[in-house]
Structure formats: C-alpha cells, structure tokens
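Q: this one's sequence-less:
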Ligand SMILES: Cc1cc2nc3c(=O)[nH]c(=O)nc-3n(C[C@H](O)[C@H](O)[C@H](O)COP(=O)(O)O)c2cc1C
C-alpha cells in the first residue's frame with residue numbers, strides 16, 4: 001500500500017517542463033550524459049514518436065464503476081503499472097539521486113531498479129526500500145564477482161534480479177566523447193566553467209562528496225578517469241550475454257529473473273527456454289543501436305506471441321501517462337521509465353521523485369477514466385491503432 005500522497009508542483013505539470021528545468025540546473029556534461037542517445041539520436045527520437053502513433057478509443061457510454069491502476073507483478077501488487085528503470089552514474093546528475101528515487105518509489109509502492117553502476121550500494125537501497133528494490137546486474141567477467149554480487153543482492157532481499165543483454169559494446173555517444181565525461185568529473189577548464197554556472201548543483205555535490213560506484217567500491221581502484229574507467233569496465237564486465245552465461249545465474253538466483261534489453265522474437269524464445277520469468281523489451285533508451293527499431297514495434301509482436309509464456313514489460317521512450325497507457329494497450333504488462341525520473345530529480349532535488357511519480361499516476365488515472373478502462377489489463381480493449 002502506498003504511503004505517499006500525490007503531490008504535484010504546479011510549475012512542472014509535464015516531463016518536458018522537468019527536462020527544461022533540469023537543463024538549467026545541472027552542468028552541461030551531466031545533462032548531456034542523461035539526455036542523449038547514440039550516434040545521430042535517430043533511435044532515441046523514434047522511441048517516443050512511435051509510441052505516440054498508438055491510438056486509444058474511448059467508450060463514453062459504457063457502465064463505469066471506477067478505474068484502478070494497481071497492477072500485480074511477480075506476486076506483488078504495485079500501486080501503478082510503471083517503475084524506475086536502472087540508470088548508471090545517477091549521483092553525477094544529482095547528488096543522492098538513487099536514494100531520493102528509491103525512497104519515493106517505496107512510498108508510492110512502485111518498483112525501483114538499482115543499476116550495478118549507480119552511485120548507491122545494493123545494501124543502502126535495500127534498507128531504504130525495506131528489501132523491495134530490484135537489482136540490475138552487469139555481467140562480470142569473473143564468476144567470483146558475479147557470484148559475490150548475486151549473493152549480496154540475495155542477502156539484501158532483492159525480489160527481482162535484472163540481467164542486461166543490450167550492452168555487448170559501449171554505445172557510441174558523441175556528446176560524452178566531446179565532454180570527456182569522467183567519474184568523478186574531470187576538472188577541465190570547460191567542465192569547471194560548466195560547474196561554476198550551476199551553483200546549487202555544485203554546493204550539493206560538495207556537501208554530499210564526490211559520487212562513486214558504491215556497489216562496485218569493494219572491487220575497484222579509486223579515482224578513475226574516463227580512459228581508466230573504460231579499461232576497468234572492459235576488464236571487469238563482459239557485457240555480451242549469452243545462454244551459457246545465463247544458465248548458472250538462473251540456477252543460483254532463487255528470486256524472479258528478468259532479462260532487459262530484448263528487442264526480438266528470437267531472444268524472447270531463448271529467454272523462455274532458459275526459464276526466465278520476465279523480459280523488458282528495451283533498446284536502452286536509444287543509447288546503443290541507432291539503426292535499431294523503436295521499442296513499441298517489437299513489443300507489439302512479442303506481446304502478441306509470447307505473453308502467455310513470459311511476463312512482457314517495456315521501457316524506452318515513455319514520457320507521460322498517455323505513453324504508459326499506449327504501451328499497455330499495445331500489450332506490455334508493466335512499463336519502466338529512465339530519463340523522466342532523472343529529469344525530475346535534477347529539476348526538483350528531493351521533491352523530484354515524489355513529483356514525477358505523482359505526475360505520471362495522475363496522468364494515467366485521467367486516461368483510464370477518460371477511455372473507461374477499469375483496470376490495467378483492460379487497456380488492450382481500448383486500442384484502435386497499433387503500430388506494426
Ligand atoms: C543516463 C542513463 C544511464 C543508464 N544506465 C543504465 C544502466 O546502468 N543499466 C541499465 O540496465 N540500463 C541503463 N540505462 C537504460 C535505462 O534503464 C532504460 O532502459 C532507459 O532509460 C529507458 O528509456 P527512457 O530513458 O527513454 O525512459 C540508462 C539510461 C540512461 C538514460
């Protein structure tokens with residue numbers, strides 16, 4: 001049950017407003033890391049514009065007894081059919097961002113997924129969410145590290161482990177290359193000037209201390225610049241997942257296992273064969289394969305064929321309640337958003353998690369009542385135009 005009250009700051013009644021505010025509040029290198037796609041941003045732009053081609057049909061004269069967006073997933077009834085996707089380096093965009101979002105997600109009873117490369121540890125996030133946060137594992141090269149992180153996630157009582165298939169190589173992101181993005185941020189003259197222009201971000205970052213990969217801390221050397229970090233990540237994580245690597249994880253992990261980054265029927269069939277409980281149809285928010293499909297396209301095909309065999313969820317491109325409704329109508333049983341929540345926190349700090357979740361819940365409730373959809377499973381009955 002939700003402990004949170006819906007609270008919307010009337011100055012920011014859309015994710016676009018939050019994005020605009022975030023752009024003003026944080027240094028350019030941090031904003032561009034969050035906001036950008038890869039290569040020419042084709043996939044990034046298509047993700048949202050294709051979702052918006054989906055249309056819903058209202059049934060105004062139907063008997064309507066009320067709309068309830070509570071959605072059951074893996075034995076837990078969440079208050080809404082959306083969650084917070086894993087995002088790396090969150091503390092670079094706003095100090096404490098993972099803790100702010102995990103707390104808001106917990107209070108609103110929606111899932112928060114912690115990335116292996118976020119800036120809070122599994123243990124801290126588990127404490128904040130009373131063991132309800134999910135953990136996303138980047139596949140380590142060494143089995144010892146893999147086993148250690150899986151054991152830590154189990155000890156922290158994470159109900160769901162998410163493994164990632166869509167980062168076999170680092171995405172080609174021109175903005176990050178231009179900005180010389182590093183962790184902690186490199187003190188080039190350009191970056192110092194950007195930081196000086198954002199005094200609130202600078203003061204908060206100074207107060208909280210430099211963001212660090214807290215979950216990975218036990219395994220990594222200190223103060224790596226971009227080149228060294230790239231080398232450490234390359235050596236420590238293989239990225240490229242395959243069936244042989246998934247099998248031992250399935251054997252070890254007793255909780256629910258989700259494969260994120262599925263974009264084809266072939267990978268869905270493999271996931272089913274491997275005994276995976278759910279997939280997130282995702283293209284990493286358009287950050288990896290600029291020549292790829294937008295996610296709503298494979299989602300529609302995959303949901304139609306496989307939703308009786310595996311939980312089919314989706315992320316990439318959603319920015320509003322109507323986007324969540326369109327995605328659910330196209331067959332997703334649950335959705336995730338990445339950038340939207342980070343825009344919220346970068347724009348509004350501590351208030352950002354609560355505000356963004358409240359905004360999406362309010363928008364979604366409005367769509368449900370408008371089309372006369374009584375529960376989230378009913379969305380496909382209101383679909384008039386799907387994308388194919
Ligand atoms: C800045 C940034 C960092 C990300 N880092 C990770 C990560 O560490 N692990 C992961 O599984 N996905 C990561 N993702 C992908 C998100 O989990 C999610 O798939 C994506 O943001 C969804 O698209 P949206 O931002 O359009 O909602 C990242 C996305 C962004 C924008």
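A: Great, that's in hand. From a predicted model like this one, the values you see are computed outputs, not experimental measurements.
Q: make it CA atoms for all contacts and neighbour counts henceforth
A: OK.
Q: so who does the residue most central in space within the chain touch?
A: Nearest to the geometric centre of the chain sits residue 85, at 1.6 Å (CA atoms, centre = their mean). By CA atoms under 8 Å, 6 or more residues apart in numbering, residue 85 lies in contact with 112, 113, 114, 315, 336, 337, 338.
Q: ok, now residue 260?
A: Here residue 260 is in contact with 162, 163, 164, 165, 166, 279, 280, 281, 282 (CA under 8 Å, 6+ apart).
Q: among those, which are in reach of the ligand?
A: 164, 282 (CA under 6 Å from any ligand atom).
Q: tell me which parts of this protein are close to the ligand?
A: Within the chain, the positions near the ligand by CA under 6 Å from any ligand atom are 33-34, 85-88, 115, 117, 164, 282, 284-285, 315-318, 337-339.
Q: quick one: contacts for residue 163?
A: 136, 137, 138, 139, 257, 258, 259, 260.
Q: quick check: it vs residue 265, distance?
A: 18 Å (CA to CA, to the nearest Å).
Q: before we move on, what about residue 208?
A: Residue 208 is 44 Å from residue 265, by CA to CA.
Q: ditto for residue 245
A: Counting by CA to CA, the gap from residue 245 to residue 265 is 20 Å.
Q: more crowded one of these two?
A: residue 265 (16 against 12; other CA atoms under 10 Å).
Q: secondary structure class for the nearest residue to the more buried one once chain neighbours are set aside?
A: With CA to CA, 6 or more residues apart in numbering as the measure, residue 302 is the residue that lies nearest to residue 265, at 6.0 Å, once sequence neighbours are left out. Following DSSP: H, G, I helix; E, B strand; the rest coil, we place residue 302 in the helix state.
Q: next up, the contacts around residue 302.
A: Contacts of residue 302 by CA under 8 Å, 6+ apart are 264, 265, 268, 312.
Q: mind putting these into a markdown table with secondary structure and pLDDT?
A: Listed next are the contacts of residue 302 as a markdown table, based on DSSP: H, G, I helix; E, B strand; the rest coil; pLDDT from 0 to 100:
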| residue | secondary structure | pLDDT |
| --- | --- | --- |
| 264 | coil | 98 |
| 265 | helix | 98 |
| 268 | helix | 98 |
| 312 | strand | 98 |
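Q: residue 13: which of these is nearest?
A: Distance to residue 13 across those (CA to CA) is lowest for residue 312, with 29.4 Å.
Q: who's that closest one bridged to?
A: residue 279 (DSSP bridges).
Q: any idea how far it lies from the ligand?
A: 14 Å (CA to the nearest ligand atom, to the nearest Å).
Q: any idea how many residues pack against that residue?
A: Around residue 312 there are 25 other residues, counting by other CA under 10 Å.
Q: would you confirm that it contacts residue 330?
A: No - taking CA atoms under 8 Å as the definition, residue 312 is not a contact partner of residue 330, at 10.8 Å.
Q: which neighbours do those two have in common?
A: Listed contacts common to residue 312 and residue 330 are 299, 303; contacts here mean CA under 8 Å, 6+ apart.
Q: any idea whether residue 257 is helix, strand or coil?
A: strand.
Q: per-residue pLDDT, it?
A: If you check residue 257, the pLDDT there is 98.
Q: so who does residue 128 touch?
A: 99, 102, 103, 106.
Q: please report phi then psi for it.
A: In terms of degrees, to the nearest 10, the main-chain angles of residue 128 are phi -60, psi -40.
Q: the closest residue to the ligand within the stretch 101-250 of the chain: what's it in contact with?
A: Proximity of the stretch 101-250 of the chain to the ligand (CA to the nearest ligand atom) peaks at residue 115, 4.7 Å away. Contact analysis of residue 115 by CA under 8 Å, 6+ apart lists 86, 87, 88, 135, 136, 137, 138.
Q: one more pass at 7 Å, please.
A: Applying CA atoms under 7 Å, 6 or more residues apart in numbering, we find residue 115 in contact with 86, 87, 88, 135, 136, 137.
Q: which residue in those residues has the weakest pLDDT?
A: residue 88 (92).
Q: ok so, going back, with neighbour count and secondary structure added, can I get the contacts of residue 115 in a markdown table?
A: Compiled in a markdown table, the contacts of residue 115 are given as follows (neighbours: other CA atoms under 10 Å; DSSP: H, G, I helix; E, B strand; the rest coil):
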| residue | neighbour count | secondary structure |
| --- | --- | --- |
| 86 | 25 | coil |
| 87 | 23 | coil |
| 88 | 17 | coil |
| 135 | 26 | strand |
| 136 | 26 | strand |
| 137 | 20 | strand |
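Q: which one of these sits closest to residue 172?
A: Nearest member of these to residue 172, counting by CA to CA, is residue 88, at 16.1 Å.
Q: go ahead and confirm the closest one touches residue 117.
A: Yes - counting by CA atoms under 7 Å, residue 88 does reach residue 117; the two are 4.8 Å apart.
Q: show the contacting residues for residue 259.
A: Contacts of residue 259 by CA under 7 Å, 6+ apart are 162, 163, 164, 278, 279, 280.
Q: quick check, pLDDT for the fourth one.
A: As predicted, residue 278 sits at a pLDDT of 98.
Q: near it, how many other residues are there?
A: 24.
Q: correct me, but it touches residue 262?
A: No - judged on CA under 7 Å, residue 278 makes no contact with residue 262 at a distance of 10.3 Å.
Q: burial of residue 5, as a residue count?
A: 11.
Q: how near is it to residue 161?
A: 29 Å.
Q: residue 208 and residue 299, how far apart?
A: Distance, residue 208 to residue 299, by CA to CA: 40 Å.
Q: who has more neighbours, the two?
A: residue 299 (29 against 13).
Q: for the more buried one, grab phi and psi.
A: Torsion angles, degrees, to the nearest 10, at residue 299: phi -50, psi -50.
Q: surely it touches residue 281?
A: Yes - in terms of CA under 7 Å, residue 299 counts as a neighbour of residue 281; the distance is 6.1 Å.
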